[in-house]
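Asks: Just the structure for this:
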Amino acid sequence: MKQQYDKEKLWGLYNELPEELKSAIFSEKTATHIWDICVKNEVKESNVSDVAQLVGQVFLGLIPPKDLDKEIKKTLGLNQEKSKKISQEIERFILFSVKNSLAELYGIEYSPGEPKKKEIHRVDEYREDIK
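Replies: Okay, the predicted model is just below:
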């Protein structure tokens with residue numbers, strides 16, 4: 001069952017957001033990405049608004065980005081693989097563009113889709129010294 005929030009509470013949260021997140025919530029680009037992600041992953045047309053609401057709740061600080069796949073799974077009744085794929089695409093195409101504002105909002109170091117880089121030092125055993 002979907003979590004219902006009081007409209008006044010939601011507007012109060014919205015008014016406290018950084019401008020970047022306020023813009024993203026009502027952005028045509030965000031809506032287009034949500035639609036495209038849902039179509040690509042064969043989400044029922046009647047459930048697209050549920051996905052949009054979940055993304056909005058992430059923007060408002062109600063659902064941590066790391067929990068988005070669980071919320072999609074629970075709300076839409078999808079399997080783990082499909083809900084994870086949808087949430088990864090949302091992170092890549094929507095949340096990544098506002099990652100700094102989300103990090104500030106949640107007080108976390110948020111880096112969706114960015115693999116942690118590890119330095120690898122290799123020694124070439126077959127290389128000869130040049131004299």
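Asks: Same question for Tyr14, what's its three-state structure.
Replies: Here Tyr14 is recorded as helix under DSSP: H, G, I helix; E, B strand; the rest coil.
Asks: Tell me where the chain has strands.
Replies: With DSSP state E, there are no strands along the chain.
Asks: any weak-confidence spans in it?
Replies: With pLDDT under 70 as the threshold, the chain has low-confidence stretches at 1-3, 109-131.
Asks: Recalculate using a threshold of 90.
Replies: For the chain, residues meeting the criterion pLDDT under 90 lie at 1-7, 9, 104-131.
Asks: Can you show me the helices along it?
Replies: Assigned by DSSP state H, the chain shows helices spanning 7-15, 19-25, 28-40, 48-60, 68-76, 80-93, 99-106.
Asks: For those helices, give me CSV that also has mean neighbour count.
Replies: Placement of C-beta: from N, CA and C, glycine included. Converted to CSV, the helices of the chain look like this (neighbours: other C-beta atoms under 10 Å):
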stretch, mean neighbour count
helix 7-15, 11
helix 19-25, 16
helix 28-40, 16
helix 48-60, 20
helix 68-76, 20
helix 80-93, 18
helix 99-106, 17
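Asks: Asp50 contacts Lys74, doesn't it?
Replies: No - using C-beta atoms under 8 Å, Asp50 is not in contact with Lys74, being 10.5 Å away.
Asks: Distance of the closest residue to Glu20 other than its chain neighbours relative to Lys22?
Replies: Excluding its sequence neighbours, the residue lying closest to Glu20 (C-beta to C-beta, 6 or more residues apart in numbering) is Ser101, at 4.5 Å. Applying C-beta to C-beta, to the nearest Å, the value for Ser101 to Lys22 is 9 Å.
Asks: Go ahead and flag the most central residue of the protein.
Replies: Closest residue to the average C-alpha location of the chain: Glu91 at 3.2 Å, with C-alpha atoms, centre = their mean.
Asks: That residue touches Leu68, doesn't it?
Replies: Yes - shown here, Glu91 and Leu68 form a contact pair, counting by C-beta under 8 Å, at 7.5 Å.
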